[in-house]
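In: have a look at this fold, sequence not included:
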């Protein structure tokens, strides 16, 4: 049972345009969501997070939107840069989980110059 | 970078042999986690620790055990490695529950 799903295995965008990565979840107990970026042969690095009490969080070029009724979150990158090319994972935690994260399968983002 | 060191970074072993992976942190964080990453699955939690000698199972714990005798070290042991345990293993740390987790660089394990 995949509680966190990223239904797009890959996304290709032009430099300077917007990248939108999507994530859906099924567990209504999830109340904290994170996005990580991962380059080959490296560990995931934290990008941005959002608590369920908010519907938007922004940090520079990165914005995360949360739609609780739809159990959907998205990551917007504007403008996209070639260095953003990586695998992006969404993750969720909630309840009495000691911060255990449940990850989506990941989306490979390629930004073309 | 968070002070997390995983060792070894690469290991090749044979089916049936025991294997221990080490995660060492210099941040004095309470929570430590072991994940494995496989294609099509993202990262899946194997075991986690919420303090010295306090550990619990994650989503894919069968065939794995852990130990935490010091705050800074979290060991993952494959008692008898199988080919299905070929994967990339990541350690993560956090200073409290429901907070950002910081990951190590990973250990690539191949079980032949």
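Out: The structure has been received and is ready for your questions. It should be emphasised that the depicted structure is a prediction, and the values quoted were computed from it without experimental measurement.
In: for residue A:51, which residues are in contact?
Out: A:31, A:32, A:33 (CB atoms under 8 Å, 6 or more residues apart in numbering or on different chains). Every residue, glycine included, has its C-beta placed from N, CA and C.
In: to clarify, my last question referred to residue A:76.
Out: Residue A:76 makes contacts with A:18, A:19, A:20, A:62, A:63, A:64, A:65, as judged by CB under 8 Å, 6+ apart.
In: type out the PyMOL command that picks the buried ones from the residues you listed.
Out: PyMOL command restricting the contacts of residue A:76 to the buried ones, with burial defined by 16 or more other CB atoms under 10 Å in any protein chain shown:
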select buried, chain A and resi 19+20+62+63+64+65
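In: grab the nearest non-local neighbour of residue B:109.
Out: Residue nearest to residue B:109 in three dimensions, not counting chain neighbours: residue B:11, with 5.2 Å by CB to CB, 6 or more residues apart in numbering or on different chains.
In: in the helix or strand the one you found falls within, what's buried?
Out: Secondary structure here is read from DSSP states H and E; on that basis residue B:11 sits in strand B:10-13. Neighbour-count burial for strand B:10-13, with 16+ other CB under 10 Å as criterion, is recorded at B:11, B:13.
In: which residues touch the closest residue to residue B:14 other than its chain neighbours?
Out: Counting by CB to CB, 6+ apart, the nearest residue to residue B:14 once its immediate chain neighbours are dropped is residue B:112, at 5.6 Å. Residues in contact with residue B:112, defined by CB under 8 Å, 6+ apart, are B:12, B:13, B:14, B:15, B:83.
In: quick one, grab the pLDDT at the fourth one.
Out: Model confidence at residue B:15, expressed as pLDDT, equals 97.
In: repeat for residue A:97
Out: For residue A:97, the pLDDT comes out at 66.
In: and for residue A:2?
Out: Looking at residue A:2, its pLDDT is 81.
In: how close does the residue nearest to residue B:41 when sequence neighbours are not counted get to residue A:21?
Out: Leaving aside its chain neighbours, residue B:41 sits nearest to residue A:105 (6.3 Å; criterion: CB to CB, 6+ apart). Between residue A:105 and residue A:21 the distance is 12 Å, computed by CB to CB, to the nearest Å.
In: okay, and the common contacts of the two?
Out: In the contact map built from CB under 8 Å, 6+ apart, the residues linked to both residue A:105 and residue A:21 are residue A:6.
In: kindly report the residues of chain A close to chain B.
Out: Within chain A, the positions lying close to chain B (CB under 8 Å from any CB of the partner chain) are A:4, A:6, A:31-32, A:34, A:36, A:41-46, A:49, A:89, A:91, A:93-94, A:97-106.
In: list the contacts of the residue nearest to residue B:109.
Out: Contact analysis of residue B:11 by CB under 8 Å, 6+ apart lists B:19, B:21, B:107, B:108, B:109, B:110.
In: good, wrapping up.
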